[in-house]
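Chemist: can't give you the sequence, but here's the structure:
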């Protein structure tokens, strides 16, 4: 396993994913890929995995697939983490037996994740009342209308409320599951899993679900892409718009328009997100003084880092380091 050591007790390492008749195959596959594959390179403390079937017999999944589960809802009683990979539909009722099992798991302190429309299962169980939550943008109105007690958070990839976590559309489930790996085993482990998946190791939960405007043409993407790579390689550098425009061979106004089309945000906001992510990595990996972390991440002073970090994550860098560092 990468240097970060597991933060889960042996009893908490069992991840149980729910299967049901009409299963959403992609979301189920996300949970299997991240938590269920053998990963000997991660060491003996990696997750264990099981599938709990809601319905008897072979269950149908989208795409003409049928599957048999490892057991029934009784498996949820042994789980440290439960994943609800989407749901049959926003209008489909949630069986009371499932709601009861999820409420009992939550009362035991089990972590419960939903991907996409799986949020309706958590809502039906009463687990989201008064909490922040998200789902696919297509389900936003239905969720807000049927469960007004939920603090619905639009335009984010995922929401982490501690023991209850929700993600937006299907692919955002990858971001949420990698986020949990990062919480449990540290950034090195999450990066290793992401590398196997050939996906970015971290997209911040606050990134917008929907990018306004057209997808940039290949010619434009070929000019914006190298800029993003250069900024990732040196987040502590100054990156004024005029310099970026010159590198891309565009006018500043065109650069801002093309950058927004490609990323959904401005260069300044994108760079701030990059620097905050870099600061989080440094806080998790080493005991450097806060000023050193600030300078390495691209903030002029520790005070500036504290201000931006608290504004984004609602916690100070020191408090984040205390809770995010791996336990011995």
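Modeler: Thanks, I have the structure now. All values derive from a computational prediction rather than experimental measurement. Residues are numbered from 1 along each chain as shown.

Chemist: Going along the chain, name the strands of the stretch 151-300 of the chain.
Modeler: Read by DSSP state E, counting those that start in this stretch, the stretch 151-300 of the chain holds these strands, from start to end of the chain: 151-152, 158-160, 164-167.

Chemist: who wins for proximity to residue 60 among those strands?
Modeler: Distance to residue 60, taken as Cβ to Cβ, is lowest for strand 164-167 among these, at 23.6 Å. C-beta coordinates here come from the backbone N, C-alpha and C atoms, glycine included.

Chemist: Show me the contact partners of the closest one.
Modeler: Outside of strand 164-167, the residues within contact range by Cβ atoms under 8 Å, 6 or more residues apart in numbering are 106, 111-116, 118-119, 122, 127-128, 131, 133-135, 157-159, 173, 175-176, 179-180.

Chemist: Quick check: chain neighbours aside, which residue is closest to residue 33?
Modeler: residue 197 (6.7 Å; Cβ to Cβ, 6 or more residues apart in numbering).

Chemist: residues contacting that neighbour?
Modeler: With contacts taken as Cβ under 8 Å, 6+ apart, residue 197 has the following neighbours: 33-34, 174.

Chemist: what number of residues lie near residue 312?
Modeler: 16 (other Cβ atoms under 10 Å).

Chemist: quick check, distance from stretch 77-89 to the centre of its chain.
Modeler: Taking Cα atoms, centre = their mean, to the nearest Å, one finds the center of stretch 77-89 at 16 Å from the center of the full chain.

Chemist: Likewise for stretch 155-164?
Modeler: Counting by Cα atoms, centre = their mean, stretch 155-164 is centred 7 Å from the centre of its parent chain.

Chemist: With stretch 52-72 instead?
Modeler: Between the centre of stretch 52-72 and the centre of its host chain there is 26 Å, according to Cα atoms, centre = their mean.

Chemist: and if you look at stretch 299-306?
Modeler: Here the centre of mass of C-alpha atoms in stretch 299-306, compared against the chain's by Cα atoms, centre = their mean, lies 26 Å away.

Chemist: which other residues reach that stretch?
Modeler: Counting by Cβ under 8 Å, 6+ apart, stretch 299-306 makes contact with 275, 279, 289-291, 293-294, 297, 308, 316-317, all of which sit outside it.

Chemist: If we use 6 Å, what do you get?
Modeler: Applying Cβ atoms under 6 Å, 6 or more residues apart in numbering, the contact partners of stretch 299-306 are 290-291, 294, 317.

Chemist: give me the low-pLDDT residue ranges for this protein?
Modeler: Per-residue confidence of the chain (counting by pLDDT under 70) places the weak regions at 1-11, 200-222, 323-328.

Chemist: Can you list the residue ranges for helices in it?
Modeler: For the chain, the helices defined by DSSP state H occupy 25-31, 96-107, 119-124, 140-146, 172-185, 187-197, 218-233, 241-248, 252-263, 267-285, 290-297, 302-313, 317-324.

Chemist: Next, give phi and psi for the spatially most distant residue from the centre of the chain.
Modeler: Going by Cα atoms, centre = their mean, the residue of the chain most distant from its centre is residue 251, 35.1 Å out. With angles defined as degrees, to the nearest 10, residue 251 sits at phi -80, psi 160.

Chemist: Can you give me the distance of it to residue 320?
Modeler: Here the distance between residue 251 and residue 320 works out to 40 Å (Cβ to Cβ, to the nearest Å).

Chemist: For the contacts of stretch 299-306, which two are the farthest from each other?
Modeler: By the measure Cβ to Cβ, 291 and 317 form the most distant pair in these, at 10.9 Å.
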